[in-house]
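# Fold the following.
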Amino acid sequence: MVKKSPRILKIFFQLLIGIIFFYASIGKLLDIKNFADAISKYDILPFILVKPFAVIMPIIEMLIGTFMILNVMPKISLITASAMLIIFVIAILSAIIRGINIDCGCFSNIYQTSEPSKFGLWIAFIRTVFLFLICFYLILQEKIIFSKLTYKLS
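Numbering: from 1, shown residues only. Coordinates of the predicted model:
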């Protein structure tokens, strides 16, 4: 059975994820064109889907961030955040494997302070995996996915 974590740790992690998602959405919403350019450089999505994805994704990020901060629908927000982080991990790892030297687009070009590099993509990969692990930890604490399994095992 999954042991409950201290409430303060859960609140801290939930706020951390919320703030990061909200912060990441701001730069993308302020400069959708540059964010669409960042997405297109991954060369994963068909061209026709790049712009809609560039508009919809930061809105979803802002909603997740807001909901996590305000503790509104935290379970749904956690699952959605986790799904998005898995997509981000796959996209970043794809760029690393293919040797594409791009800005990850994680926080938009508005916050970028240096030229894109493979090292920057590795940092983005590690950061994204870390955020996913935090979400997964929170999911385990809520027993969202494993509630039936833990019930059957007890």
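
# Find the residue closest to residue 89 in space, skipping its chain neighbours.
Distances taken as Cβ to Cβ, 6 or more residues apart in numbering put residue 128 closest to residue 89, at 5.1 Å, once the chain neighbours are dropped. C-betas here are computed from N, CA, C, even on glycine.

# I should have written residue 129 there, sorry.
Closest to residue 129 by Cβ to Cβ, 6+ apart is residue 89, at 6.0 Å.

# for that neighbour, what are its contacts?
The neighbourhood of residue 89, defined by Cβ atoms under 8 Å, 6 or more residues apart in numbering, consists of 125, 128, 129, 132.

# Quick check: mean pLDDT of the helix or strand residue 28 falls within?
If you go by DSSP states H and E, residue 28 is part of helix 7-30. Averaged across helix 7-30, pLDDT comes to 92.

# Give the helix, strand or coil label for the residue nearest to residue 129.
Under the three-state scheme (DSSP: H, G, I helix; E, B strand; the rest coil), residue 89 adopts helix.

# With adjacent residues omitted, what lies nearest to the spatially most central residue of the chain?
Centroid check for the chain by Cα atoms, centre = their mean gives residue 85 as the closest residue, at 3.7 Å. Nearest residue to residue 85 in three dimensions, chain neighbours excluded: residue 132, at 4.1 Å (Cβ to Cβ, 6+ apart).
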